[in-house]
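*Asks:* Here's a sequence, model it:
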Amino acid sequence: MKKQTVVVGMSGGVDSSVAAYLLKEAGYEVIGVTMQIWPKEADEEASANGGCCGLSAAEDAARVAQVLQIPHYVMNFREEFRENVITYFIDEYLAGRTPNPCIACNRYVKWESLLRRSLQIGADYIATGHYARVEHLTNGRYAIRTSVTKGKDQTYALYNLTQEQLSHTLMPVGAYDKPQIRRIAESAGLPVAHKPDSQEICFVPDDDYAGFIEKNSPCPVPPPGNFVTADGEILGTHRGITHYTIGQRRGLRLALGYPAFVTEIRPDTNEVVIGAADEVFRDRLTCNRLNFMSVPDIPDGTRVLAKIRYSHPGAAATVHRPSDDQAEVVFDEPVRAVTPGQAVVFYDGEFILGGGTII
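*Replies:* Here you go, the predicted model:
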């Protein structure tokens, strides 16, 4: 019987390297692929900062592939990355929203583009080193299940994958915790066993989002404007809305006699609304661009655990459906910093029901 073939997205890190090792040990024909997604002019910067997409990443992945005795290729996805991640990232900040580029990259680059090319060369699956699990449910649907280790769980950033993508996806790392993964890498003689984890947003290595947007935006960035209270009182001058996100406290440079936080961003008037700590909490949100995973749809009144950001532990909530393309999420207790542009992901126990984009 012919072995099934899996293309492993190898970032040069320990997680994807161990994924390749585990799948080879399980009997798959494994092909390693490093996705070249940085703009050409950023390759040197990526390498210097140890990003998951730079030259050093490809070199580390090639070294791992040599140890595992599997073929390794570098594929160019620069155009797909620019269109679906960088352009989206800039546009969202200019519109006063806070994007999640990792979710966009997963959906449209790491899965849609890589999977398409992998199937074209005859592969049966693609695989990554994400801390998550893919399961085929009794209802016939595929769903993402949380990793066995809560501290590294990456399911939030994967909620937007389609059924077709999930049916061709393997995630072997989700059955282990990080120390186990490093021990496996050591025992297998992988040269990246102790390589540090890469940062979350690979294409902004210095975390200066506003500077990146100013440098790469095709149109002028929003100028300085007013810090205001919710009812319009002017408190001071901000540096431009791309410098801020909901719930932010640092860098406001306001002396108000109380801890001040960003509670709203108003791109139409170029205002950043400031409030006290209790004003950052909301008991509901509305989302659109819905994607369903373990179920074909979520009926009105469904009870869920809802996560509103990657680091959020989740909060009990009820999902209402005012229309086919929107959902309203009402939390049992108010949650902090509901942020337009971020995802809200619905869980039923360990499985993702679905999610959407907060508006």
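
*Asks:* And residue 87, how close does it get to residue 113?
*Replies:* Distance of residue 87 to residue 113, computed by Cβ to Cβ, to the nearest Å: 15 Å. (Glycine included, C-beta is placed from N, CA and C.)

*Asks:* Between those two, point out the one with more neighbours.
*Replies:* Neighbour count, other Cβ atoms under 10 Å: between residue 87 and residue 113, residue 113 has more, with 19 against 15.

*Asks:* and the more buried one, helix, strand or coil?
*Replies:* Three-state assignment for residue 113 (DSSP: H, G, I helix; E, B strand; the rest coil): helix.

*Asks:* For it, which residues are in contact?
*Replies:* With contacts taken as Cβ atoms under 8 Å, 6 or more residues apart in numbering, residue 113 has the following neighbours: 77, 80.

*Asks:* Equivalent analysis for the one 3 residues further on, please.
*Replies:* Going by Cβ under 8 Å, 6+ apart, residue 116 touches no other residue.

*Asks:* now the strands for the stretch 151-300 of the chain?
*Replies:* 169-170, 225-228, 234-238, 261-266, 271-275, 281-292 (DSSP state E, counting those that start in this stretch).

*Asks:* Pull up the pairing partners for the fifth one, direction included.
*Replies:* Based on DSSP bridges, the strands next to strand 271-275 in the sheet, each with its direction, are strand 225-228 (parallel), strand 261-266 (antiparallel).

*Asks:* pLDDT weak spots in the stretch 51-200 of the chain?
*Replies:* Across the stretch 51-200 of the chain, the stretches falling below the confidence threshold (pLDDT under 70) are 51-55, 199-200.

*Asks:* Kindly list the longest helix within the protein.
*Replies:* When every helix of the chain is counted residue by residue (DSSP state H), the longest turns out to be helix 55-68.

*Asks:* in that helix, what counts as buried?
*Replies:* Of the residues in helix 55-68, 55-58, 60-65, 68 count as buried by neighbour count, 16 or more other Cβ atoms under 10 Å.

*Asks:* cool, and stretch 76-84?
*Replies:* Neighbour counts using 16+ other Cβ under 10 Å place 77-78, 80-82, 84 of stretch 76-84 among the buried residues.

*Asks:* mind checking how far that stretch is from the chain centre?
*Replies:* A distance of 16 Å separates the C-alpha centroid of stretch 76-84 from that of its chain, computed with Cα atoms, centre = their mean, to the nearest Å.

*Asks:* Just the CA atoms of it, as CSV, please.
*Replies:* What follows is stretch 76-84 as a C-alpha-only set of coordinates in CSV (Å, rounded to 0.1, in the frame of the first residue of the first chain):
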residue,chain,number,x,y,z
ASN,A,76,7.6,31.7,-2.6
PHE,A,77,4.4,33.0,-1.1
ARG,A,78,5.4,36.6,-1.0
GLU,A,79,2.5,37.9,-3.1
GLU,A,80,-0.1,36.0,-1.2
PHE,A,81,1.3,37.2,2.1
ARG,A,82,1.4,40.8,1.0
GLU,A,83,-2.1,40.8,-0.3
ASN,A,84,-3.8,38.8,2.5
